[in-house]
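J.: how does the following fold in three dimensions:
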Amino acid sequence: QLQLVESGGGLVRPGGSLRLSCAASGVTLDDYAIAWFRQAPGKEREGVSCITSSGFNTNYADSVKGRFTISKDKAKNTVYLQMNNLKPEDTDVYYCAAQKAPYGIGCGYSYYEVWGRGTLVTVSS
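T.: Model prediction:
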């Protein structure tokens with residue numbers, strides 16, 4: 001059974017960087033697309049970035065394009081979200097989620113089946 005655990009959140013000043021990790025256990029991620037979402041209390045959940053099962057194709061929300069980079073390390077069965085030039089509005093709980101899509105050539109933010117518990121990112125001076 002696939003389980004996801006996020007890590008890497010914390011407190012960072014505006015303009016700083018963090019790298020979030022989404023470590024999978026139980027099942028290899030070779031057949032799964034992975035997405036990062038974020039949500040704060042009282043706000044709608046937002047899809048931030050996703051990567052296909054192959055790792056060749058990615059997608060980013062307009063709010064993070066040019067600042068965030070998603071990547072997949074198959075050997076470590078882990079997906080990363082490198083976040084640079086962080087802004088106070090990036091403050092949220094970040095979740096990773098998995099969708100079985102072994103032949104997907106693109107990815108989106110619907111129909112994710114397995115979710116992690118989240119990691120808090122706080123951007124503040």
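
J.: helix or strand for the residue nearest the centre of the chain, which one?
T.: Closest to where the C-alpha atoms of the chain average out (CA atoms, centre = their mean) is W36, at 2.6 Å. Per DSSP states H and E, W36 falls inside strand 32-39.

J.: quick revisit: which non-adjacent residue is nearest the residue nearest to the centre of the chain?
T.: Leaving aside its sequence neighbours, W36 sits nearest to V48 (CB to CB, 6 or more residues apart in numbering; 4.5 Å). No exception for glycine: its C-beta is placed from N, CA and C like everyone else's.

J.: now for that neighbour, how many residues are close by?
T.: Counted with other CB atoms under 10 Å, the neighbours of V48 add up to 25.

J.: from what I see, it and K65 are in contact.
T.: No - taking contacts as CB atoms under 8 Å, V48 lies outside contact range of K65: 10.4 Å.

J.: dig out what the residue nearest to the centre of the chain forms beta bridges with.
T.: Here W36 sits in beta bridges with S49, C96, as judged by DSSP bridges.

J.: correct me, but it touches R45?
T.: No - taking contacts as CB under 8 Å, W36 lies outside contact range of R45: 11.0 Å.

J.: give me the common contacts of those two.
T.: By the contact definition CB atoms under 8 Å, 6 or more residues apart in numbering, W36 and R45 are jointly contacted by Y95.

J.: so how far is the helix or strand that contains R19 off the chain centroid?
T.: Element membership for R19, per DSSP H and E: strand 18-25. What separates the centre of strand 18-25 from the centre of its chain is 8 Å, taken as CA atoms, centre = their mean, to the nearest Å.

J.: helices or strands up against it?
T.: If contacts are counted by 3 or more CB pairs under 8 Å, 6 or more residues apart in numbering; DSSP states H and E, strand 18-25 sits against strand 3-7, strand 32-39, strand 78-83, strand 92-100, strand 119-123.
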